[in-house]
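In: Sequence unavailable; structure follows:
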């Protein structure tokens, strides 16, 4: 079995060579990852050599356009979708806002949307707002004890009036991974469009969107080692039905149809660095030549095997504590290394402060996951301590986290 080479992986991230970050353990990766050197190189190259309007005939402009085109094609290949399915926008939140406005033009009063209360607010709030326009909102609710969604509950929620089902691939609070393909199949049997928020899942290995069958899938590139952009894939047949949200004269340009404003040329060009990084990691760990989609599957397993090993060590220690409880399931099956804890004897603020003194960067609050916290009866004013890591995290850093938690909890 191939094991991840942590030393090589960390050599691909300039943050690990930055003196000001030396000694700090980074455990708020669910909020945004470090950026790989390939993306930084692409961004620097664009700003220094091709910072002009793309797609004109002069050389710098042609190179700028080619760099942007490369991002569409290379990321589409890794995601196992057509290049025409890929859309870049300022963020996942803004992509979802535009998407909700577009879909509303297709629906009639009384049409229904099913949304979960496990969602990050981006894939919940904008759909819920449509209730003011006559759309009926139904809520797919988590188990208050576990925070998990039960797909069987959909049988009572989906109806002949349901037009769309929105849910997360993975919770950004409890880290539980939903069985997307099974849920999508259930919706497809009722001819319902599916929108999946993959923001909390994609950083642990890019998803094979083609195999999931989902109509629309969204994630944030700044959480997958890249620039601050949102990436959205939309099936061609869905895109063909959606009304134009951009300038009227760009209606026939697929890449601009869901963009009310112009694209960020430089950041789109830099997004290809994510694919370049994955190529580099694959070539270091594997010798067999395969297509990008298959590379992605191998790399996801490589990343997740490493993360699961570290997660098992952290969860084993947390389970032994009687002064905290873990929000959601405490096993390592069907979850990513995003662990939220609630202290029983000390305040979240106090523990957060001590962890910072111990040079540990963790998350504190609700992380726009207000609805899942409410669904699990966790106060949103204090929220949780969120401990999240990625494949570039090492076992030494897990030990540093555990030592810091020992000091903070007492």
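Out: Good, I have the coordinates. Because the structure is a prediction, the values reported are computed rather than measured. Numbering: from 1, shown residues only.

In: Only C-alpha atoms from now on, for both contacts and neighbour counts.
Out: Noted.

In: Off-centre distance for stretch 150-162?
Out: Distance, stretch centre to chain centre, for stretch 150-162: 25 Å (C-alpha atoms, centre = their mean, to the nearest Å).

In: hey, where'd the helices end up in the stretch 301-410 of the chain?
Out: 348-357, 370-375, 395-409 (DSSP state H, counting those that start in this stretch).

In: Repeat that for the stretch 151-300 of the chain.
Out: 180-188, 209-212, 236-241, 265-270, 272-285, 292-319.

In: CSV for the ones you listed, including mean neighbour count?
Out: Listed next are these as CSV, based on neighbours: other C-alpha atoms under 10 Å:
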stretch, mean neighbour count
helix 180-188, 17
helix 209-212, 16
helix 236-241, 13
helix 265-270, 24
helix 272-285, 19
helix 292-319, 18
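
In: sorry, back to before: would you reformat the helices of the stretch 301-410 of the chain as TSV and include mean neighbour count?
Out: Listed next are the helices of the stretch 301-410 of the chain as TSV, based on neighbours: other C-alpha under 10 Å:
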stretch	mean neighbour count
helix 348-357	16
helix 370-375	22
helix 395-409	17
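
In: For residue 227, which residues are in contact?
Out: Taking C-alpha atoms under 8 Å, 6 or more residues apart in numbering as the criterion, residue 227 is in contact with 35, 39, 221, 267, 270, 271.

In: What is the most widely separated pair among these?
Out: Farthest apart among those by C-alpha to C-alpha are 35 and 267. That separation is 12.5 Å.

In: follow-up on the earlier one: minimum distance to residue 12: which of the helices of the stretch 301-410 of the chain has it?
Out: So among these, helix 395-409 is nearest, using C-alpha to C-alpha, at 17.6 Å.

In: contacts for the closest one?
Out: Against helix 395-409 from outside (C-alpha under 8 Å, 6+ apart): 25, 310, 313-314, 317, 323, 343, 346, 350-352, 354-355, 358, 360.

In: Go again with 10 Å.
Out: Outside helix 395-409, the residues that touch it by C-alpha atoms under 10 Å, 6 or more residues apart in numbering are 6, 23-27, 306-307, 309-311, 313-314, 317-318, 321, 323-324, 343-347, 350-362, 387, 389, 394, 410.

In: And for stretch 50-60?
Out: Under C-alpha under 10 Å, 6+ apart, the answer for stretch 50-60 is 44-46, 49, 61-68, 265-266.

In: again, 6 Å this time
Out: 61, 62, 64, 65 (C-alpha atoms under 6 Å, 6 or more residues apart in numbering).

In: Determine how far the last residue of that stretch lies from the first.
Out: 5 Å (C-alpha to C-alpha, to the nearest Å).

In: again with stretch 362-375
Out: Termini of stretch 362-375 sit 23 Å apart (C-alpha to C-alpha).

In: Next: stretch 80-91.
Out: First-to-last residue span, stretch 80-91, C-alpha to C-alpha: 21 Å.

In: Please point out which parts of that stretch sit buried.
Out: 80, 81, 82, 83, 84, 85, 86, 87, 88, 89, 90, 91 (16 or more other C-alpha atoms under 10 Å).

In: Just flag the most distant two among the residues you listed.
Out: Of all pairs in the buried residues of stretch 80-91, the most separated under C-alpha to C-alpha is 80 and 90 at 22.4 Å.

In: Okay, strands next: where are they in the stretch 101-250 of the chain?
Out: Ranges of strands within the stretch 101-250 of the chain are 112-116, 136-140, 162-168, 193-197, 216-220, 230-234, based on DSSP state E, counting those that start in this stretch.

In: most tightly surrounded among those strands?
Out: strand 216-220 (a mean of 26; mean count of other C-alpha atoms under 10 Å).

In: Who are the packing partners of that one?
Out: strand 193-197, strand 230-234 (3 or more C-alpha pairs under 6 Å, 6 or more residues apart in numbering; DSSP states H and E).

In: how does it look with 10 Å?
Out: strand 86-89, helix 92-104, strand 162-168, strand 193-197, helix 209-212, strand 230-234 (3 or more C-alpha pairs under 10 Å, 6 or more residues apart in numbering; DSSP states H and E).

In: Out of these, which is closest to residue 335?
Out: Going by C-alpha to C-alpha, the one of the helices and strands packed on strand 216-220 nearest residue 335 is strand 162-168, 12.7 Å.
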